[in-house]
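Engineer: Below is the structure, and that's it, no one-letter string:
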């Protein structure tokens with residue numbers, strides 16, 4: 001990995017500006033332009049943008065910046081492949097790197113989706129020095145800071161850059177907390193931590209006085225690092241910057257090798273992980289990659305590279321005495337990391353970090369859990385702390401009672417489709433959920449709310465603990481109830497929130513998110529004409545839980561009772577989130593139901609959700625309805641991917657098209673058709 005250099009006080013950007021526009025033909029024109037045509041085209045696009053006449057591409061996910069298969073690399077090779085996953089195949093290998101671009105400009109929510117640090121690294125290694133966007137997602141933005149890639153939401157910089165001005169560094173640190181500002185000034189997190197650990201710089205002391213606090217604020221205050229041997233402060237408030245001691249740190253084979261490389265580069269080949277008993281690794285993302293990898297990617301040697309990631313991780317965990325959740329003799333992986341963290345590892349009141357954006361799923365246990373990049377994890381392996389800017393919290397009150405045909409997935413699709421989320425106001429926020437009906441929801445359904453909080457751009461989701469939380473932990477872990485209860489955290493009645501929303505559960509109907517973004521949710525009633533499907537996928541950390549298996553089984557058992565099976569020409573894939581979930585399905589008799597109806601059962605792993613297992617679309621013409629959590633372009637293959645709740649996924653597999661699940665539910669008389 002390259003050394004991060006000390007940042008210039010007044011950086012100057014001498015390369016071209018790449019405008020990522022909704023009209024991908026304009027992207028192609030910029031990439032193909034030669035000679036004087038380049039300057040002329042750039043000027044015209046800059047003028048159109050200034051006149052508000054240039055629609056910019058929004059919601060550019062990290063899957064588009066570096067598709068899953070590109071992440072098998074974790075060196076400068078990444079620069080060759082930046083943006084090759086972009087919609088409509090707008091960018092090809094080496095085009096950005098060879099195009100002399102120094103600045104890239106886009107619309108809302110740049111870097112949404114996965115926490116993969118390969119995305120900003122690919123931009124940097126392609127020569128990009130500055131990312132300008134209308135809004136920048138939290139994890140992507142922090143990863144960019146960590147590696148020395150500048151970001152801004154100030155479009156006024158474009159004309160100044162085109163005039164050849166040096167831009168004061170203060171333009172890129174305005175609005176940042178003191179720690180982030182210092183990291184940017186030092187050129188990245190490693191450089192900053194070198195001087196921090198040497199005692200040459202220190203985060204400013206926290207001076208927040210006692211105040212009403214939210215759940216997350218209380219957890220952060222309890223874990224705030226003050227000085228060696230001293231942890232915890234009286235209070236924190238949104239915007240406070242600090243380092244906090246972490247309880248659980250985990251990574252998976254996609255990311256562990258890159259983090260290890262950074263770890264040893266910064267600290268030496270003999271560097272040791274601090275307190276390895278609280279560090280975990282997972283072989284869960286690429287377990288079934290060989291079943292779906294294209295001949296083209298095989299010819300590139302990518303299967304060997306992917307297998308090499310798992311081997312590198314295995315060697316690292318053995319050397320560092322880190323527990324590895326590996327492959328299971330029963331087939332597949334032991335567990336998807338997020339399922340295992342909830343089942344086995346996290347406890348109420350803890351801070352949990354993982355190299356995956358859906359780390360927030362552990363918020364169902366009253367944890368402050370969030371995803372980080374490779375650089376953050378490499379540092380946390382050694383320091384056992386993580387930098388935090390205390391986030392604001394948005395409070396969601398779930399009123400009434402959800403219908404029998406509605407699940408947590410529908411609630412989240414309604415929230416994600418709101419104007420608040422579509423306009424990027426959710427970026428960096430905590431989504432806190434409350435409401436009387438939550439007491440009737442199993443932990444798995446609650447976990448869908450926290451898992452999908454990151455689809456809103458949120459830092460995490462969290463739910464106040466109750467007796468259901470306590471019973472779950474005591475039953476699954478065998479822990480002492482009172483010891484568990486001591487970790488419970490509750491928001492103060494007069495805590496301050498960035499916003500408060502009431503969600504009328506009675507009014508929610510089965511939803512579906514149209515292809516391209518999980519924020520494209522609409523009621524299924526509004527689909528209009530029939531949407532024929534080729535595949536239905538029930539799996540992933542979001543859709544492969546025990547409660548999800550209950551929903552698939554209810555629909556499919558009733559379908560069998562009506563003499564129906566999976567529709568001809570449709571593939572129904574059902575994948576378990578962990579071996580414990582698979583065993584649960586076996587004990588409940590679900591596996592027999594699934595097999596009789598014609599489903600293809602897949603052992604635990606991430607799989608199709610990241611285009612790395614059965615259920616991923618093989619072609620652009622493939623139409624899939626899925627219970628996973630995101631459907632960004634290329635995320636699960638080149639096809640069209642609709643998101644829906646497990647009831648709808650199973651019912652649609654029987655019908656051969658996306659349908660409401662009414663006729664296959666136990667109590668249709670309770671449902672207003």
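Structural biologist: Cool, the structure landed. These figures come from a predicted structure and were not determined experimentally.
Engineer: The residue lying closest to residue 525 once chain neighbours are set aside: what's it in contact with?
Structural biologist: For residue 525, ignoring the flanking residues on the chain, the nearest one in space by Cβ to Cβ, 6 or more residues apart in numbering is residue 509 at 6.6 Å. Where you see a C-beta, it was placed from the backbone N, CA and C, and this is true even at glycine. Residue 509 is in contact with 403, 405, 406, 410, 523, 524, 525, counting by Cβ atoms under 8 Å, 6 or more residues apart in numbering.
Engineer: Same question for residue 236.
Structural biologist: By Cβ under 8 Å, 6+ apart, the contact set of residue 236 is 206, 208, 213, 217, 220, 221, 224, 242, 390.
Engineer: With residue 254 instead?
Structural biologist: Contacts were defined as Cβ under 8 Å, 6+ apart; by that measure residue 254 touches 71, 116, 285, 286, 309, 355.
Engineer: residues contacting the first one?
Structural biologist: Applying Cβ under 8 Å, 6+ apart, one finds that residue 71 lies in contact with 116, 118, 254.
Engineer: could the residues you listed be laid out in a markdown table, adding secondary structure?
Structural biologist: Compiled in a markdown table, the contacts of residue 71 are given as follows (DSSP: H, G, I helix; E, B strand; the rest coil):
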| residue | secondary structure |
| --- | --- |
| 116 | coil |
| 118 | helix |
| 254 | coil |
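Engineer: now, which of the residues you listed sits nearest residue 505?
Structural biologist: Ranked by distance to residue 505 (Cβ to Cβ), the contacts of residue 71 are led by residue 116 at 34.4 Å.
Engineer: List the contacts of the closest one.
Structural biologist: 62, 66, 71, 254, 255, 373.
Engineer: Tell me who's in contact with the first one.
Structural biologist: The reference is to residue 62. 111, 112, 113, 114, 115, 116, 118, 119, 140.
Engineer: Taking the residues you listed together, which two end up most distant?
Structural biologist: Across those, the longest distance by Cβ to Cβ is 15.1 Å; it joins 112 and 118.
Engineer: more crowded one of the two?
Structural biologist: Taking other Cβ atoms under 10 Å, residue 112 and residue 118 do not tie; residue 112 has more neighbours (31 against 28).
Engineer: Wait, residue 387 touches residue 245, no?
Structural biologist: No - counting by Cβ atoms under 8 Å, residue 387 does not reach residue 245; the two are 11.8 Å apart.
Engineer: Show me how far stretch 262-276 is from its chain's centre.
Structural biologist: Relative to its parent chain, stretch 262-276 has a centroid offset of 26 Å by Cα atoms, centre = their mean, to the nearest Å.
Engineer: er, stretch 376-385 I mean
Structural biologist: Relative to the centre of its chain, stretch 376-385 is centred 20 Å away, using Cα atoms, centre = their mean.
Engineer: Please identify the buried residues of the longest helix seen in the chain?
Structural biologist: Determined from DSSP state H, the single longest helix within the chain is helix 302-320. Neighbour counts using 16 or more other Cβ atoms under 10 Å place 302, 303, 305, 306, 309, 310, 312, 313, 314, 316, 317, 320 of helix 302-320 among the buried residues.
Engineer: Check which residues of the lowest-mean-pLDDT helix or strand in the chain are buried.
Structural biologist: Least confident helix or strand, the chain: helix 189-197 with a mean of 90, by mean pLDDT, DSSP states H and E. Going by neighbour count (16+ other Cβ under 10 Å), the buried part of helix 189-197 is 189, 190, 191, 192, 193, 196.
Engineer: Quick one: end-to-end distance for stretch 591-606.
Structural biologist: Using Cα to Cα, to the nearest Å, the end-to-end distance of stretch 591-606 comes to 19 Å.
Engineer: Distance from it to the middle of the chain?
Structural biologist: Stretch 591-606 sits 26 Å away from the centroid of its parent chain (Cα atoms, centre = their mean).
Engineer: Now it: buried residues?
Structural biologist: Quick answer for stretch 591-606 (16+ other Cβ under 10 Å): 591, 593-594, 597-606.
Engineer: From those residues, pick the one nearest residue 262.
Structural biologist: Out of those, the member with the shortest distance to residue 262 (by Cβ to Cβ) is residue 606, at 22.8 Å.
Engineer: I'd assumed residue 614 was in contact with the closest one.
Structural biologist: No - judged on Cβ under 8 Å, residue 606 makes no contact with residue 614 at a distance of 11.8 Å.
Engineer: mind showing which ranges of the stretch 101-250 of the chain have poor pLDDT?
Structural biologist: Applying pLDDT under 70 to the stretch 101-250 of the chain flags no residue at all.
Engineer: can you give me the helices for it?
Structural biologist: In the stretch 101-250 of the chain, the segments counted as helices under DSSP state H, counting those that start in this stretch are 118-125, 138-147, 157-162, 170-173, 178-186, 189-197, 215-223.
Engineer: Sort out which residues of the fourth one are buried, please.
Structural biologist: So the one you mean is helix 170-173. 172, 173.
Engineer: Helix, strand or coil: sort out the closest residue to residue 499 other than its chain neighbours for me.
Structural biologist: In space, and not counting its chain neighbours, residue 499 is closest to residue 394: 4.9 Å by Cβ to Cβ, 6+ apart. Classification of residue 394 by three-state DSSP places it in strand.
Engineer: got a list of what residue 394 touches?
Structural biologist: Shown in contact with residue 394 (Cβ under 8 Å, 6+ apart): 420, 426, 429, 430, 431, 432, 458, 497, 498, 499, 500, 501.
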